[in-house]
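1. can't give you the sequence, but here's the structure:
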Ligand code: BGC
């Protein structure tokens, strides 16, 4: 018998019920009688927010390194770097006596308006899944646990505690679940945190299909499911659904409810045992790693600087950057002196130190004169004098650097954004400064896309620095002065305007529910397929050097879906500076039975190249790279056919491609039924084979009917396509030797037996 089971066997009903409910805001219930220690948890995700008093929800936390937030992390497209950051996070967790870090978040960026997008990775599930898995693997490699959150479909803050996300099965499977699936299957997080919201009418905390059938049974999740803080409504129903631990505690009423439900037969004790077993297992894993000690704050700050630089995205550059030590730089904007490096809410870290951008710039350009103007106020008011002061400063300098931070009232956990704009004041500031100073660089600190069309034209360069973590100030200086060649690429699209965004007509919802009417088509899947121009596409980012792509190859021209195929491309640095390129591989299905996005990201690689150097990038594409989820079959399916493999430097800049032919090895039961139309019979290969002879007769008969009667201007073959076979046969009942229903049933039987 395992240790875990032995402990469960010794525990009383009361102890097991207590174990499944938190003991404090940040700890689980220890069971001293059986030597089971408590677990200490802490937010997350980009630093440790360890509360000194575990009964306090929001005290100033103990100092810890504030790394860049997820928008920035995803823009690195660098799983190895996230692994390294994960290890650093774990070291801090150990020092701060934390067993489980509450993160990362793997929710999709359905709309750039979601206030919490800064904590999420991407609009693309493949990229988000790779990032989440690497971070988890990094953290857990050091014996510290994670909590992958918020499962699932927590894609907005508006009414986040109760709103029902109405999502069809295919969209859930292809867009909202895969990042979680990848993280669970590739990184085995110790815990998964369920979301606050409902999915199709059922709270995530009570969603049996989601928590038990999909997460635990289908994906093989072995850890425990913890509620988001306050996400539980009916404790017994949530236990039955697969929610193992309720947080926060203490909550004696919940413990009593569980005990009573077992006693009166409402809850099978085996369900409670299973929840307790999962928690005990993780508690024993955590206990293997002694906690306490110190961490190397200086080394982690250096890592945070490197990560911030790798995540920054150069959006525009007319050649001004990198700066060649100008005589005089006017630094404008309060964010240059008050670094804006993280977002509001549960992820807010108390940093060990903060790099001030202004100071970091001075350090790298000792012979340059720097002046400073505040530029814009902290709040919502408009102060023309600040703009005038900035214009005067810019006029006498060789270069102006405007630091623009999106204020907390526009972007945070807890509320969504109402627009994608900078403040009116910030827009006026940029317009006024660029009118007098052509050498103006705008540096942005925000967690999600903004609209740039009102102010970008007069700028010389724009750097998206994100919520860049505590060392971001130094990273900005590194990039502006060319100590680091920018290499970050957008993990989300920058739209031209809010009304272009995919969820625009279905956000934020009404009467308690939000309909995901855009379905699969979020992010570039939408803009691409609808051919809507964007400001900056998914996957975009400039470098100080250039890259050329050549020699696209596939390991086989024809392959079986079960084997997959390996593709490769050569990338050359054709410029004069060493740099990194992020090569993206998209798959385009030439033809499919169900509608698909024009193309989807299925692989990527980041490669360092010296000037003139060429490297071959090789990427494996497996079954899932070609499959879609077919709700009719309730499984991932592939179809025979041709797929274009597109190698891009962004989603909008495909440099070369190759075409491969997939042979599907799936044997799927037919989806034909009594109401199937002629079109459906013809689309189904075996249906077509069985039905073809009858089809020719039907066309002939219909031709006769139409020509016997008055001309009605119809093409009979086209007319038949959308009619159910059964209905057509009913029309012709008089000519049939058998009842129409029997004829269709016999055909259906033939199709079924033909297949298996
Ligand atoms: C947030 C979680 C967080 C938890 C604990 C919740 O409000 O949604 O992400 O981990 O609080 O702070």
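-> Thanks, I have it. Quick caveat, the model's predicted, so the values are computed rather than measured. Numbers count the residues shown, from 1 in each chain.

2. where along the stretch 651-756 of the chain do the strands fall?
-> 653-663 (DSSP state E, counting those that start in this stretch).

3. Right, and the ligand sits closest to which residue of it?
-> Closest to the ligand within the stretch 651-756 of the chain is residue 651: 29.2 Å, counting by CB to the nearest ligand atom. No exception for glycine: its C-beta is placed from N, CA and C like everyone else's.

4. Next: the stretch 51-200 of the chain.
-> residue 102 (3.9 Å).

5. So the residue of the stretch 651-756 of the chain closest to the ligand sits against residue 586, correct?
-> Yes: using CB atoms under 8 Å, residue 651 is in contact with residue 586, at 6.8 Å.

6. any residues in contact with both of the two?
-> Contact criterion CB atoms under 8 Å, 6 or more residues apart in numbering; residues shared by residue 651 and residue 586: 599, 601.

7. Would you map the strands across the stretch 51-200 of the chain?
-> Using DSSP E, counting those that start in this stretch, strands in the stretch 51-200 of the chain cover 100-102, 145-151, 164-166, 191-194, 198-199.

8. export those to a markdown table and tack on mean pLDDT?
-> Below are these laid out as a markdown table (pLDDT from 0 to 100):
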| stretch | mean pLDDT |
| --- | --- |
| strand 100-102 | 98 |
| strand 145-151 | 98 |
| strand 164-166 | 98 |
| strand 191-194 | 98 |
| strand 198-199 | 98 |
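
9. Make a markdown table out of these and add distance to residue 318 and mean neighbour count.
-> Shown next, in a markdown table, are the strands of the stretch 51-200 of the chain (distance: least, CB to CB, whole Å; neighbours: other CB atoms under 10 Å):
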| stretch | distance to residue 318 | mean neighbour count |
| --- | --- | --- |
| strand 100-102 | 42 | 30 |
| strand 145-151 | 41 | 29 |
| strand 164-166 | 43 | 20 |
| strand 191-194 | 45 | 27 |
| strand 198-199 | 47 | 22 |
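
10. and the ones you listed as JSON lines, adding distance to residue 508?
-> Converted to JSON lines, the strands of the stretch 51-200 of the chain look like this (distance: least, CB to CB, whole Å):
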{"stretch": "strand 100-102", "distance to residue 508": "25"}
{"stretch": "strand 145-151", "distance to residue 508": "16"}
{"stretch": "strand 164-166", "distance to residue 508": "11"}
{"stretch": "strand 191-194", "distance to residue 508": "21"}
{"stretch": "strand 198-199", "distance to residue 508": "14"}
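
11. For residue 677, which of those strands is the nearest?
-> strand 164-166 (27.4 Å; CB to CB).

12. Neighbouring strands of the closest one in the sheet, and parallel or not?
-> Note on strand 164-166: by DSSP bridges, its sheet partners are strand 198-199 (parallel), strand 513-515 (parallel).

13. got the contact list for that strand?
-> 153, 155, 197-201, 512-516.

14. same check, this time on stretch 529-539
-> Under CB under 8 Å, 6+ apart, the answer for stretch 529-539 is 123-124, 315, 451-453, 456, 489-496, 500, 521, 523-524, 526-527, 582, 584, 597-598, 601, 648-653.

15. just checking, which of the residues you listed belong to strands?
-> 315, 494-495, 582, 584, 601, 648-650, 653 (DSSP state E).

16. sorry, back to before: what subset of the contacts of stretch 529-539 is buried?
-> Using 16 or more other CB atoms under 10 Å as the burial test, the contacts of stretch 529-539 include 123-124, 315, 451-452, 456, 489-496, 500, 521, 523-524, 526-527, 582, 584, 597-598, 601, 648-652 as buried.

17. re the thing from before, just the contacts of strand 164-166 now: which is nearest residue 610?
-> residue 155 (41.6 Å).

18. you'd agree the closest one is up against residue 112?
-> No: the pair residue 155 / residue 112 is not scored as a contact, 11.2 Å apart, by CB under 8 Å.

19. Looking at the two, which is more packed in?
-> Just comparing residue 155 and residue 112: by other CB atoms under 10 Å the higher neighbour count belongs to residue 155, 31 against 24.

20. what's around the residue lying closest to residue 487 once chain neighbours are set aside, how many residues?
-> Nearest non-adjacent residue to residue 487, counting by CB to CB, 6 or more residues apart in numbering: residue 580, 3.9 Å away. Neighbour count for residue 580, taken as other CB under 10 Å: 22.

21. quick check, residue 462 in a strand?
-> Yes: the assignment for residue 462 (DSSP: H, G, I helix; E, B strand; the rest coil) places it in a strand.

22. that older thread, and of the strands paired with strand 164-166, who's closest to residue 346?
-> Of all the strands paired with strand 164-166, strand 198-199 sits nearest to residue 346, with 20.8 Å by CB to CB.
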